[in-house]
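Asks: can you look at this prediction? I've put the sequence above it.
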Amino acid sequence: MIIITYRRHVRFALVLTFLATLVQAATSPSTASWRVGTGREIITPPAGVWMTGYAARTHPADGTAQELWVKALAFADPGGKRGVLITLDLCGITREITARVCAQLEKKHQLPRAAVMINVSHTHCSPWLEGSIIGLRILPADGLAKANAYRRDLEQKIVRAADYALSHLVPATIAWGEDSASFGVNRRENPEKEMPARRAAGTLSGPSDPRVPVLAVHNASGALTALLVSYACHNTTLSFYQWHGDYAGCAQAELEKRHPGATVLFALGCGADINPNPRGTVELAEQHGLALADAADRALGRPMTQIQGKFSAAAEEITLTYARRPSNEQILEAQQKEQPNREMHQAWAAAMNDQIKTHGEIPLTHAYPIQAWRLGNLAWAALGGEVVVDYALRLRAENQGPLWVFGYSNDVMAYIPSERVLAEGRYEGDTSMIPYGRPGPWSAGLEEKIVKKSHELLDRTQTR
Ligand SMILES: [Zn+2]
């Protein structure tokens, strides 16, 4: 009896040792030897700053319902090659801001441009930024001065958050998984009023991307220290006059509550033609945030794929072209015609006249940023602008191996329609160029250019 008990104990102990070895193999930094650091700062603007997102804003924000954040996730692969992902609870970002931030990080940390990725959540309850979407710059001179001061302060905070993350790299394991959420609905194919009934009947139409990619970072003690969650859906549950991160802010806050000590980041996918549904209240933003947090936790609860191997990055700007210049009559009409959102049309006309004054004629080319990262066998593509869902679906289908596609990265200069959406026109394919202060719709052929360069950059990261 004693012998049997003893043997049972030994067997039990052996099983325990075996299990412990397995757990260690899964989490030990010595087997992975990646290092990760995080940084964060509150970027909620001071009083008097104007909001963005909607053309009908008539006064500055009048309070804070939820803090806005910049968060940074920096890492170094086993060979010491580093990258930093920066996420922002902002509606947009400009090429100029990104360039200045990257220049500072290059100077201080010798990080090449391709190793810095900036993604915004596109919350519309965030500040209008100097140099961004021109048609929403309907604010008085003191509003403009405050916006410019905010922009300068913001750049310092972005650099500080990234700097802190890069200066505090500690051994970690990185793993990824995926789940799904269904509150994002194709807004071009389903009238908003009909969405609930269509959802109930299972008759929602148009493409969407329900995937919720999740990247989890554990430290040497096995504690969750960072979590990156992505989803492809406009972050526009809310349209009031309070600063708020919308559903993406709620998901981050909820997951940070559930996982104390973890920095939770949100990166927006290709959700330009996808809207949350239903929407309109803080409760609904919280409801969608919970749905996203639940999806992330489901992914965390299942075995995840550990990232091993190297980090590599590639980035380039390609030239996109606009289909046509507006005529003088069109510019004059935008200045004078009584129409809804008249100030927005006037701002567009002023932007066109400025360009004529500066360049002699309105330039028809635009530098468009594309970035590719590879973390071990997981590939990321980050595209500028408000990218429609077709790009993520196509790039994933054409890519060999797992690929996450982010939109709203490095520069949000306009909508980026697919060839299908461009041909169909309407807001995402055509008329959104007015608030964005662009001369007209993109020329046909942009999808092929963007997809081709994305594949090229992804291939390049494979051979580095
Ligand atoms: Zn948008």
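Replies: Cool, the structure landed.

Asks: phi and psi next, for Q308.
Replies: phi -130, psi 170 (degrees, to the nearest 10).

Asks: pretty sure it contacts G376?
Replies: Yes. Counting by C-beta atoms under 8 Å, Q308 does reach G376; the two are 5.0 Å apart. In this view, the C-beta of every residue, glycine as well, is placed from N, C-alpha and C.

Asks: where does the protein have low pLDDT?
Replies: 1-32, 136-138, 464 (pLDDT under 70).

Asks: break it down into its domains, please.
Replies: Using automatic domain parsing, the domains assigned to the chain come out as 29-309+407-412, 325-359.

Asks: just confirm L395 is within a helix.
Replies: Yes. If the criterion is DSSP: H, G, I helix; E, B strand; the rest coil, then L395 is within a helix.

Asks: could you find the closest non-adjacent residue to it?
Replies: Leaving aside its sequence neighbours, L395 sits nearest to V405 (C-beta to C-beta, 6 or more residues apart in numbering; 5.2 Å).

Asks: three-state assignment of that neighbour?
Replies: strand.

Asks: tell me the contacts of it?
Replies: Neighbour list for V405: 269-270, 380-383, 387, 391-392, 395-396 [criterion: C-beta atoms under 8 Å, 6 or more residues apart in numbering].

Asks: distance of Q308 from W176?
Replies: 12 Å (C-beta to C-beta, to the nearest Å).

Asks: which parts of stretch 61-69 are buried?
Replies: 61, 65-66, 68-69 (16 or more other C-beta atoms under 10 Å).

Asks: secondary structure, distance to G92 and neighbour count for the contacts of V405 - can I get that in TSV?
Replies: Shown next, in TSV, are these (DSSP: H, G, I helix; E, B strand; the rest coil; distance: C-beta to C-beta, whole Å; neighbours: other C-beta atoms under 10 Å):
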residue	secondary structure	distance to G92	neighbour count
G269	coil	16	26
C270	coil	15	29
W380	strand	20	25
A381	strand	19	29
A382	strand	15	26
L383	strand	14	27
V387	strand	13	30
Y391	helix	18	26
A392	helix	19	24
L395	helix	22	21
R396	helix	25	17
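
Asks: nearest to I118, out of these: which one, please.
Replies: For these, the residue nearest I118 by C-beta to C-beta is A382; the value is 8.5 Å.

Asks: mind listing the helices for this protein?
Replies: Using DSSP state H, the helices of the chain run over 2-27, 29-32, 95-109, 141-167, 195-201, 246-258, 282-301, 328-336, 342-359, 389-398, 419-424, 426-429, 446-463.

Asks: the fourth one packs against which elements?
Replies: Packing contacts for helix 141-167, counted by 3 or more C-beta pairs under 8 Å, 6 or more residues apart in numbering; DSSP states H and E, involve strand 34-42, strand 69-76, strand 82-88, helix 95-109.

Asks: make it 10 Å
Replies: Here helix 141-167 touches strand 34-42, strand 69-76, strand 82-88, helix 95-109, strand 116-120, going by 3 or more C-beta pairs under 10 Å, 6 or more residues apart in numbering; DSSP states H and E.

Asks: wait, which of these is closest to A323?
Replies: Nearest to A323, of those and by C-beta to C-beta, is helix 95-109 at 21.2 Å.

Asks: run the angle between the closest one and strand 116-120 for me.
Replies: 140 degrees (axes from the mean of the first three to the mean of the last three C-alpha atoms, to 10 degrees).

Asks: send the alpha carbons of helix 95-109 over as CSV?
Replies: What follows is helix 95-109, C-alpha atoms only, in CSV (Å, rounded to 0.1, in the frame of the first residue of the first chain):
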residue,chain,number,x,y,z
ARG,A,95,2.0,62.4,-43.3
GLU,A,96,3.8,65.4,-41.8
ILE,A,97,3.1,64.3,-38.1
THR,A,98,4.2,60.8,-38.9
ALA,A,99,7.4,62.0,-40.7
ARG,A,100,8.4,64.3,-37.7
VAL,A,101,7.7,61.5,-35.2
CYS,A,102,9.7,59.0,-37.2
ALA,A,103,12.6,61.4,-37.7
GLN,A,104,12.8,61.9,-33.9
LEU,A,105,12.7,58.2,-33.3
GLU,A,106,15.4,57.6,-35.9
LYS,A,107,17.6,60.2,-34.3
LYS,A,108,17.2,58.9,-30.8
HIS,A,109,16.9,55.2,-31.4
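
Asks: now do the buried residues in that helix.
Replies: Buried residues in helix 95-109 (16+ other C-beta under 10 Å): 95, 97-98, 100-102, 104-105, 109.

Asks: and of those residues, the nearest to A47?
Replies: I97 (22.2 Å).

Asks: just to check, the closest one is in contact with I158?
Replies: Yes. Counting by C-beta atoms under 10 Å, I97 does reach I158; the two are 7.8 Å apart.

Asks: residues in contact with both of the two, list them for me.
Replies: In terms of C-beta atoms under 10 Å, 6 or more residues apart in numbering, I97 and I158 are both contacted by the residues 88, 90, 118.

Asks: okay, these in a markdown table with distance to A299 next?
Replies: As requested, the shared contacts of I97 and I158 are exported to a markdown table (distance: C-beta to C-beta, whole Å):
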| residue | distance to A299 |
| --- | --- |
| L88 | 23 |
| L90 | 26 |
| I118 | 24 |
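
Asks: most neighbours of all those residues, which one?
Replies: For the shared contacts of I97 and I158, the largest number of neighbours (other C-beta atoms under 10 Å) sits with L88, at 30 neighbours.

Asks: how about that one, what does it touch?
Replies: Contacts of L88 by C-beta under 10 Å, 6+ apart are 43, 68-72, 97, 118-123, 126, 154, 157-158, 161, 245, 265-267, 408.

Asks: same thing but 7 Å
Replies: 43, 70, 120-121 (C-beta atoms under 7 Å, 6 or more residues apart in numbering).

Asks: quick check: it vs V101, distance?
Replies: Taken as C-beta to C-beta, the span from L88 to V101 is 10 Å.
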